[in-house]
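Enquirer: pasting the sequence and the predicted coordinates here, then a few questions.
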Amino acid sequence: MKKEEYLKTVTEQIRCEKARSKIAREIGSHIEEQKSEYMREGLKAEEAEAEAVKDMGDPVETGTKLDMIHRPRMAWGWIGLIAALYLAGFVVQILMQRDIADFLGFDLMRYAVRLVLGLGVMVGICYVDYSRIGCWAKEITLIAFAVIYIGLFRGQVVNGAVMGIYGIHVNVRMLAFLFVPLYGAVLYQYRGQGYKAIVKGILWMFPALEIARRIPSLITVWTLFLSFVIILSFAIYKEWFQVSKRRTMAGLWCGMILIPVMGCVFILVRGAEYQTARIQAYLNPWSEELAFPTMVTRELLKNSSLIGMGNDVERYVQMLPDPVNYSFIYIVSCGGILAAIVLVGAIIFLLLRFLGSSLKQKNQMGMTMGIGCAIVMLVQMVFYILGNIGFSPMGGMYCPFITYGGTGMLVTNVLLGILLSIYRYQDVPLETEKRKYHISINVKKSG
């Protein structure tokens, strides 16, 4: 049997089309190596190929075994937990409404539509080969940056912050978090390079950070910057780049601390009045700008109980400036500390499981993209909870599953979809390079 015939028979047994080409190349490479060995022993090319193919075993049996190994699989348990967490968040949002009758009318339908569409996006992305997104990460990043950044100049401005683009009311801060998994895929493309790769990695942080700065949203800048530095540190730790690990990591984290500090100092000295007030508010949670919400959240936390509603809670709950942004402290004060720990613990458990699964990926592109998705949601949760308990300003942060917001739900489901796609295709050998398209033009000679 010839090599081409053998490979055709093997790949016919493999149901996952995405795996066929790479498996065929790998088996073909093994056949060629064995063929060369036989030719060095004195066999002719045709005889050597026949013997090499024979050594590979029965093609049907080989293909069947490979089909059992390299097939997509769905994380139904994780999807069930995601659905349960959304349901829990939905119940929390119902309980938090000032007027339940109105909520059960219009808002309930709007939430249901958002949830169904969001879950549809999550499942749809789950079935998409994430490596196709990763291969074009640079181009997607630049196009997305251009579209969003241009839209910011004509966006809807609310209290000095841009809250929409092109006449569409969307949370632009949340859209910026979609750059994080793309950043992981971009870093993957610089493997094997030296310090230039580190410089390029830092420069590729610019699109998302510039969008967050332009909004402006300082808390989003910090969240994105921290997420990027964690991903870049992981790539350095895994020795993707030919650099000194200790020195590079030390310099990176010194910059992580110094750059925000220098930026804050510059704004305090040369920035506009509203920017200076915002920095002072972030640096001092007890400042006049944040005195009221901080006082309310801390009183709720102080009066909360382990189980059930705390003392004198109803009066303070009514004072929350925006119930949508204070779901966590509402759960703590009205449901008890234990209820909050269970719900938030379930979310953290899910994200840590996704993070652990990403760290175990053989495909390094999937590894970094998965880490990016999990890290950005974990970092968001940290800032959100700190804001809810009065140790950090809220700044419009979003907590996956328990915060009510269309853009936030969409972005969360996109990130979850990428994580599920990485899990789904973890046993499938995927292409991690761009496909090359060749266009041939045949010109017929006249006469």
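Expert: Perfect, thanks for sending it.
Enquirer: please count neighbours and contacts with C-alpha atoms only from this point.
Expert: Fine.
Enquirer: excluding covalently adjacent residues, which one is nearest to Leu416?
Expert: Leaving aside its sequence neighbours, Leu416 sits nearest to Met122 (Cα to Cα, 6 or more residues apart in numbering; 6.3 Å).
Enquirer: what helix or strand is that neighbour on?
Expert: helix 108-126 (DSSP states H and E).
Enquirer: buried residues, that helix. List them.
Expert: Of the residues in helix 108-126, 108, 111, 114-115, 117-123, 125-126 count as buried by neighbour count, 16 or more other Cα atoms under 10 Å.
Enquirer: equivalent analysis for stretch 207-221, please.
Expert: In stretch 207-221, counting by 16+ other Cα under 10 Å, buried: 207-209, 211-212, 214-221.
Enquirer: for these, which one is nearest Gly263?
Expert: Leu218 (10.3 Å; Cα to Cα).
Enquirer: and the gap between Val428 and Gly366?
Expert: As defined by Cα to Cα, to the nearest Å, Val428 lies at a distance of 11 Å from Gly366.
Enquirer: how does the chain divide into domains?
Expert: By the assignment in automatic domain parsing, the chain contains the domains 3-69, 76-424.
Enquirer: which regions of the stretch 201-350 of the chain sit below the pLDDT cut-off?
Expert: For the stretch 201-350 of the chain, the stretches flagged by pLDDT under 70 are 271-275, 277-294, 312-324.
Enquirer: do the stretch 51-200 of the chain as well
Expert: Along the stretch 51-200 of the chain, segments meeting pLDDT under 70 span 66-71, 96-108, 155-163.
Enquirer: can you show me the strands along the stretch 51-200 of the chain?
Expert: Per DSSP state E, counting those that start in this stretch, the stretch 51-200 of the chain carries strands over the ranges 157-158, 161-162, 164-165, 168-169.
Enquirer: please identify the deepest-packed of the domains of the chain.
Expert: Greatest average neighbour count among these goes to domain 76-424 (a mean of 18), per mean count of other Cα atoms under 10 Å.
Enquirer: that one spans what distance, first to last residue?
Expert: Using Cα to Cα, the end-to-end distance of domain 76-424 comes out at 10 Å.
Enquirer: show me where the stretch 301-447 of the chain has its helices.
Expert: For the stretch 301-447 of the chain, the helices defined by DSSP state H, counting those that start in this stretch occupy 313-317, 327-330, 337-359, 364-388, 406-424.
Enquirer: of these, which is nearest Leu226?
Expert: With Cα to Cα, the closest approach to Leu226 among the helices of the stretch 301-447 of the chain belongs to helix 364-388: 8.1 Å.
Enquirer: gap between the closest one and the chain center?
Expert: Averaging C-alpha positions (Cα atoms, centre = their mean, to the nearest Å) puts helix 364-388 7 Å from its chain's average.
Enquirer: tell me the mean pLDDT over that helix?
Expert: The pLDDT scores in helix 364-388 average 87.
Enquirer: helices and strands around that helix, which ones?
Expert: helix 130-135, helix 179-188, helix 218-237, helix 327-330, helix 337-359, helix 406-424 (3 or more Cα pairs under 8 Å, 6 or more residues apart in numbering; DSSP states H and E).
Enquirer: out of those helices, which gets nearest to Gly251?
Expert: Nearest to Gly251 among the helices and strands packed on helix 364-388 is helix 218-237 (10.6 Å), distances taken as Cα to Cα.
Enquirer: angle of that closest one against helix 179-188?
Expert: 30 degrees (axes from the mean of the first three to the mean of the last three Cα atoms, to 10 degrees).
Enquirer: tilt between helix 218-237 and helix 364-388?
Expert: Counting by the same axes, to 10 degrees, helix 218-237 lies at 140 degrees to helix 364-388.
Enquirer: tell me how far the helix or strand just after helix 218-237 lies from the chain's centre.
Expert: Sequence order places helix 245-270 as the next helix or strand after helix 218-237, per DSSP H and E. Relative to its chain's centre, helix 245-270 lies at 24 Å (Cα atoms, centre = their mean).
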